[in-house]
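Student: Sequence first, then the predicted structure, then my questions.
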Amino acid sequence: MDISQLKAPLFVSWQLTRDCDLSCLHCCSESAPGRKLPAELSREEALRLAGDFVDAGVPYVMLCGGEPLVVPHFFEVAELLGAGGVQLKIETNGQRFGSEEARRLSRLPIRSVQVSLDGATPEAYRSLRPNGSLEKALGACRAAKEAGLPLEITFAPCRMNLHEAEALIDLALELGAFRFNTGMLMRLGTAVRFWDRLAPSAEEYERFFAMLERREAELAGRLELKFRPRSIEEALEAQLSKAPATLLVMPEGLVKVSGSLAFICADLRTQSVQKAWGRYLSAAGSLRKFDAASLIRGEENAINSASSGSSQAVAQETR
Amino acid sequence: MKLARFVKFREEKFGGVLFETRSEKVFTLTSTGAAVVKEIAAGGSAEQVVARLKARYQDPSGKLETEAREFIDSLRSQGLLSED
């Protein structure tokens, strides 16, 4: 499908805040308690933007963070989108998601609730989420299922939890999840600082993916195992050859061209969804000239030096 | 008969799109396909959908009816419709 023929995005991934109630070592967005960005959208701006997505005919929105449930107007945003017929996916760490939250969401067109479970035992879980509670995360999964909400589990493989990956797949099945999402750990955000402690070796990954392929075949029809593309490099490669009809919205209303790149193509605080969509299409077209490896090298340069030549060149082309 | 729980329809200049959000698969529709899906979304059985299409568009050869029925069968076989 030629996405330039579409009048609006089909999917919006909306990071409501960078704030979070956990300080995870492997966080890909540098979220932690008190890490709310200074210029995040206000309640009024967020509700206006939610209304704009409805008016634009966006069929599917994911609310994520940070932790979206720490946002005081989270339910207002979700309810406005849901009342407009938008299907919703909620990504949560499950620390403040109980029966009441699940029941409230069950009145909306919820496509899924995705809970991050990075360990089957409290020890492994806490080694990555030092102030987190596995019991609360499991409680969130059970609350979602009891309220009739489709459940997804996400697992980020690290040295500290890789040995529990298969047990977590069994746990996801027991919890009634329909999908288990994983892939290689992303070298983004906080994870960059702890990379040497976190990143599994090539041999560990080889065994991990072999296990996933075996379990995928075994569990067909019972639990979907989603692990392709395996890495952010593979995902970016796929995006460059075929851009998704997706807007990635940051807490300040800025629109990113790609989840793994820092390039911004629009600002929904001041621009309409249609304008942002047009700018995204133009930016995605510009990125097609590059290969994923050169873009990721450019991104690393951009982290080391804000005036990196390659990142500036792309940023200018997207404006 | 109606669109399945996780299926969303949106009209476009070229016709429309059906988006199955669970699998995140997108189906592109021609203007004829979009007209059929609009009637499905409005509710009723396959017979009622076809009857409404015939009332709205001229169909002296019966081609529209045949194509609409085949299209509905195709949507059903791909899990994009639900019967309740």
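Tutor: Sure, I can see it.
Student: ranges for the helices of the stretch 101-250 of chain A?
Tutor: Applying DSSP state H, counting those that start in this stretch to the stretch 101-250 of chain A gives helices spanning A:122-128, A:134-146, A:165-175, A:190-193, A:195-198, A:202-218, A:232-241.
Student: Flag every buried residue along the second one.
Tutor: To tie it back to what came earlier, the one meant is helix A:134-146. A:134, A:137, A:138, A:139, A:140, A:141, A:142, A:143, A:144, A:145 (16 or more other CB atoms under 10 Å in any protein chain shown). For the C-beta atoms, the positions are set from N, CA and C on the backbone; glycine is no exception.
Student: And the second one, what's its pLDDT?
Tutor: As predicted, residue A:137 sits at a pLDDT of 98.
Student: Tell me how far it lies from chain B.
Tutor: Distance, residue A:137 to chain B, by CB to the nearest CB, to the nearest Å: 23 Å.
Student: Quick check, that residue in contact with residue A:113.
Tutor: No. Counting by CB atoms under 8 Å, residue A:137 does not reach residue A:113; the two are 11.7 Å apart.
Student: coming back round to it: mean pLDDT lowest where, among the helices of the stretch 101-250 of chain A?
Tutor: Ranked by mean pLDDT, these end with helix A:232-241 at the bottom, a mean of 88.
Student: Tell me which residues of that one come out buried.
Tutor: For helix A:232-241, by 16+ other CB under 10 Å, it's A:232, A:233, A:235, A:236, A:237, A:239, A:240.
Student: helix, strand or coil for residue B:40?
Tutor: Under the three-state scheme (DSSP: H, G, I helix; E, B strand; the rest coil), residue B:40 adopts helix.
Student: Mind pulling up the pLDDT for the residue in chain B positioned nearest to chain A?
Tutor: Residue nearest to chain A within chain B: residue B:8 (3.6 Å; CB to the nearest CB). At residue B:8, the model reports a pLDDT of 97.
Student: count of residues packed around it?
Tutor: Using other CB atoms under 10 Å in any protein chain shown, residue B:8 has 23 other residues around it.
Student: Same check on residue B:73?
Tutor: Neighbour tally, residue B:73, other CB under 10 Å: 12.
Student: check contacts around it.
Tutor: Shown in contact with residue B:73 (CB atoms under 8 Å, 6 or more residues apart in numbering or on different chains): no residues.
Student: Check the burial of residue A:99 by counting its neighbours.
Tutor: Neighbour count of residue A:99, defined by other CB under 10 Å: 14.
Student: wait, I meant residue A:118
Tutor: Around residue A:118 there are 28 other residues, counting by other CB under 10 Å.
Student: close enough to count as contact, it and residue A:155?
Tutor: Yes. Applying CB under 8 Å, one finds residue A:118 in contact with residue A:155, separated by 6.2 Å.
Student: Contact residues of chain B facing chain A?
Tutor: B:6, B:8, B:10, B:12-14, B:17, B:19, B:21-22, B:24, B:26, B:28 (CB under 8 Å from any CB of the partner chain).
Student: Show me the strands in the chain, by range?
Tutor: Went with chain A since none was named. Ranges of strands in chain A, per DSSP state E, are A:11-15, A:60-64, A:87-92, A:110-116, A:151-154, A:179-181, A:224-226, A:246-249, A:254-256, A:264-267.
Student: let's do chain B instead
Tutor: B:2-3, B:7-12, B:15-20, B:25-29, B:81-82.
Student: Could I get the CA-only coordinates of the second one as PDB?
Tutor: Okay, so that is strand B:7-12. The C-alpha trace of strand B:7-12 is given here as PDB (Å, rounded to 0.1, in the frame of the first residue of the first chain):
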ATOM      1  CA  VAL B   7     -11.500  -4.300  12.600                       C
ATOM      2  CA  LYS B   8     -11.800  -0.600  11.700                       C
ATOM      3  CA  PHE B   9     -12.900   0.900   8.400                       C
ATOM      4  CA  ARG B  10     -11.900   4.300   7.000                       C
ATOM      5  CA  GLU B  11     -13.000   5.900   3.800                       C
ATOM      6  CA  GLU B  12     -10.200   7.200   1.500                       C
END
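Student: neighbouring strands for that strand, and are they parallel or not?
Tutor: Applying DSSP bridges to the sheet, strand B:7-12 is found paired with strand B:15-20 (antiparallel).
Student: Next, the angle from the strand it pairs with to strand A:60-64.
Tutor: Inter-element angle recorded for strand B:15-20 and strand A:60-64: 40 degrees (by axes from the mean of the first three to the mean of the last three CA atoms, to 10 degrees).
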